[in-house]
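Participant: coordinates for the following, if possible.
(4 chains)
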Protein chains: 2
Amino acid sequence: MTVSTRTNSPTPPPRRSDATRTAILAAARERFAADGYERATIRAIAKDARIDPSMVMRYFGSKEGLFAAAVALDLRLPDLTRVPREEVGRALVGHFLGLWEENEELTAVLRVGATNQAGAERMQGIFRDQLLPVARQVCPDPEQSPARAALCAAQLLGLALTRYVLRLPPARELTREELVAWLGPTVQRYLTAPNP
Amino acid sequence: MTVSTRTNSPTPPPRRSDATRTAILAAARERFAADGYERATIRAIAKDARIDPSMVMRYFGSKEGLFAAAVALDLRLPDLTRVPREEVGRALVGHFLGLWEENEELTAVLRVGATNQAGAERMQGIFRDQLLPVARQVCPDPEQSPARAALCAAQLLGLALTRYVLRLPPARELTREELVAWLGPTVQRYLTAPNP
DNA sequence: CAAGGCAGTCAACGCTTGTTGGCCTACGGA
DNA sequence: TCCGTAGGCCAACAAGCGTTGACTGCCTTG
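Facilitator: Prediction:
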């Protein structure tokens, strides 16, 4: 693990320990996703990162600090105003499926959100700051958008729960295309239908 | 193991400790629902039941045994063949909402299922033994029923997750009637629509 | 009345956890 | 070349965990 020695970028100066830092974060994400908050021990994370447990404390202060740093989640939701109005449901479902398969951050935050109070609050923040604004873009009545966004969250998180956390076999066997075909219209309806 | 010597009643004889037993189970359900598996300690459960921790071990063998006994879950799903075909979606959503509000068992098993491997397997069992047979009753093509049941589970568990575990405010503010109106058609479609 | 088993308590065990502080090492600017 | 300092390791701490076994009363049964 070599560190680029003489990059004079404007962002904070590269430290010699950056490699270790990112190794710890990667191991933490993996463990939190696989085991949840309580069973993901600092010792195990440190061992995965081939580092002493005390280093984790030095860099992130505490286990909670590590978790906060490990799951600074950005959903990278697309700008729905640039998507054909009748396609927003399918677009969202597809986007979320992609997010979930590409890294373990979402599984980690979901699993921890189900166990830990701080995790649940983090999930509330993600909903409020990222999903809600997007819902506002496409909802007919802005006043209804929190409720509609919540319905979408229920459907999308329910899919993630059954497929990636509980791992119900039938939920795992559905292909990406089938899921988009089934859930797309649902999300579309939750967001844009004038009434139930 | 001792054998009851002279009781020839079909059900086991009432024991003096039954009250304690049920008190432990009630406390366990509450703690598992509120804290998840790892943070729900035997010591805390015992204190809630005003009993010594060692009694829990004596009656249930281990923490896993206690959990297994505490969440012997029966969804009491209605016989969908006796429900008008176009009403099965709303009926299921209403039934699940009732289940969730009446006791904490479902919250407990959901929360533990998200953390614990054994909990996830228990959830898979509930799906397979209770939801799947009901789905088979109403699905057009029996071969599709696992997938359709999984879609329903995703929607219903997602609602429970956002409303009772993560406690997203907008998900909590929706009334029972609104939820039935929004989710009913979704579940109906997942179960009975000829194709997506 | 005597006796045995049942409900319950108490204290302790071995282990794991997050967290701390002291110590060593080796890089990199002067 | 030398030395400060950042990066890293080691050992230990207190607290909390599940679990165990010995002990004490009470109640039922013979």
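
Participant: hey, let's count contacts and neighbours off CA atoms from now on
Facilitator: OK.

Participant: by contact count, what packs against the helix of greatest length in chain A?
Facilitator: With secondary structure taken from DSSP state H, chain A has its longest helix at helix A:18-39. Helices and strands touching helix A:18-39, by 3 or more Cα pairs under 8 Å, 6 or more residues apart in numbering or on different chains; DSSP states H and E, are helix A:42-48, helix A:63-70, helix A:105-115, helix B:18-39, helix B:105-115.

Participant: the same query, at a cut-off of 7 Å, please.
Facilitator: Counting contacts by 3 or more Cα pairs under 7 Å, 6 or more residues apart in numbering or on different chains; DSSP states H and E, helix A:18-39 is packed against helix A:42-48, helix A:63-70, helix A:105-115.

Participant: in three-state terms, label A:Asp75 for me.
Facilitator: Quick fix: residue A:75 is Leu, not Asp. coil (DSSP: H, G, I helix; E, B strand; the rest coil).

Participant: could I get the helices and strands packed on helix A:18-39 in TSV, plus columns for distance to chain B, mean pLDDT and mean neighbour count?
Facilitator: Below are the helices and strands packed on helix A:18-39 laid out as TSV (distance: least, Cα to the nearest Cα, whole Å; pLDDT from 0 to 100; neighbours: other Cα atoms under 10 Å in any protein chain shown):
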stretch	distance to chain B	mean pLDDT	mean neighbour count
helix A:42-48	16	97	18
helix A:63-70	15	95	17
helix A:105-115	6	92	26
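
Participant: centroid-nearest residue for chain A?
Facilitator: A:Leu106 (2.9 Å; Cα atoms, centre = their mean).

Participant: please name the nearest non-neighbouring residue to that one.
Facilitator: A:Trp100 (6.2 Å; Cα to Cα, 6 or more residues apart in numbering or on different chains).

Participant: wait, that neighbour touches A:Ala108, no?
Facilitator: No - look at A:Trp100 against A:Ala108 with Cα atoms under 7 Å: they stay out of range, at 10.4 Å.

Participant: now the residue of chain A found nearest chain B: closest residue in space that isn't a chain neighbour?
Facilitator: For chain A, the residue closest to chain B is A:Gly158, as judged by Cα to the nearest Cα, at 3.4 Å. Distances taken as Cα to Cα, 6+ apart place B:Gly158 nearest to A:Gly158, at 3.4 Å, with adjacent residues excluded.

Participant: that neighbour sits in which helix or strand?
Facilitator: helix B:145-160 (DSSP states H and E).

Participant: and that helix, what does it pack onto?
Facilitator: So helix B:145-160, by 3+ Cα pairs under 7 Å, 6+ apart, packs with helix A:145-160, helix A:169-173, helix B:132-138, helix B:176-192.
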